[in-house]
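*Asks:* let me see the structure of the following:
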Amino acid sequence: MAACVDKWQPAAYPCRLPNKLFRLLPDCTTDHPMPPPSPTPLAASGDIVWHTLRAEAQADADDEPLLLKFYHELVLSRPSLESALASLLATKLCIPGALPQDQLRDLLTDALDAHPEAGRAARADLAAACDRDPACDKMVHCFLYYKGFLALQAHRVAHALWSDGRRAPALLLQSRASEVFGVDIHPGARIGSGILLDHATGVVIGETAVVGSDVSILHAVTLGGTGKDSGDRHPKVGDGVLIGAGASVLGNVHIGDGAKIGAGAVVLRDVADRATAVGNPAKPISKKAAPQWRPEEQPGITMELRWSD
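*Replies:* Below is the predicted model:
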């Protein structure tokens, strides 16, 4: 993962908490004025995402006693988001009798500790879900239940292992994530921060694909190759791109920053910055957006799939 962090990680990420848009900075603080937190070591750490996620978990557990043990085991008893993430993924991906949960958790924990950029990206992904998905009322719900988020975090760990030359455990995580979450991302793929895999079922991303930051991808999307070619053979997706449900982007093509790919499109050629492409084969159908667009107006953030000729 370290190979792509500098290029694909933006300076700040949008999030809504609670019902207010703010920017999540790389050090996990926020530029939005927040009420003084309770005087705990957690709040003092400045990790607004982890602090919020824990507060939401505690509120849910207080409202629904049935959830207390579940939330305590996976969130409330954990010292950090990385620790909670390793525990949750180990619970989901273990194989009783063959792939022990404790050993898998240790593998995940070690990889996250060795690659802190993965934890920063996970926080940006949580922020993206809160901001872009109207069905996401709380970060803790995305963290515990959204398979797109969980599959993406499994990939981040797999990519970290792949980058370290540990290809066998990386492929193991890819396989288990595909089986459990229905999302198949090769551990070699490079994916930026602030990513939303909305619903996520059937998403396939190939080995040499590159996905920028602040990108939103709906279900059944393929970023794949076109045959048996080896080498650099998968799409390169810029920042702020929105890819509609069922779209296929095939081959070593470039999708420009702020571009929009319509649902069901089959993209075989480059798509210019801020262009909209639809159809099979996909063709541009609208004029490029004005160059004064602000980053938060990119389709990958606004989730706006409509267009005008």
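*Asks:* so the residue nearest to residue 83 when sequence neighbours are not counted is in which element?
*Replies:* By the measure of CB to CB, 6 or more residues apart in numbering, the closest residue to residue 83 outside its immediate chain neighbours is residue 109, 6.8 Å from it. C-betas here are computed from N, CA, C, even on glycine. Taking DSSP states H and E as the definition, one finds residue 109 inside helix 101-114.
*Asks:* sorry, back to before: against residue 89, how distant is the residue nearest to residue 83?
*Replies:* Counting by CB to CB, to the nearest Å, the gap from residue 109 to residue 89 is 10 Å.
*Asks:* residue 230 now?
*Replies:* Using CB to CB, one gets 31 Å for the distance from residue 230 to residue 89.
*Asks:* neighbour count: these two, which is higher?
*Replies:* When neighbours are counted by other CB atoms under 10 Å, residue 230 and residue 89 differ, and residue 89 comes out ahead with 25 against 8.
*Asks:* for that one, give its distance to residue 83.
*Replies:* Spatial separation of residue 89 from residue 83 under the definition CB to CB is 11 Å.
*Asks:* can I see the domain layout of the protein?
*Replies:* Domains of the chain are assigned by the TED database as 48-182, 189-308.
*Asks:* strands of the stretch 51-200 of the chain, start to end?
*Replies:* Across the stretch 51-200 of the chain, reading from the start of the chain, the strands by DSSP state E, counting those that start in this stretch fall at 184-185, 190-191, 196-198.
*Asks:* out of these, nearest to residue 115?
*Replies:* Distances from residue 115 to each of these were compared using CB to CB; the shortest belongs to strand 190-191, at 13.1 Å.
*Asks:* neighbouring strands of that closest one in the sheet, and parallel or not?
*Replies:* Strand pairing for strand 190-191, using DSSP bridges, gives strand 210-211 (parallel).
*Asks:* show residues contacting the partner strand.
*Replies:* Counting by CB atoms under 8 Å, 6 or more residues apart in numbering, the neighbours of strand 210-211 from elsewhere in the structure are 4, 8, 189-192, 195, 205, 217, 223, 234-237.
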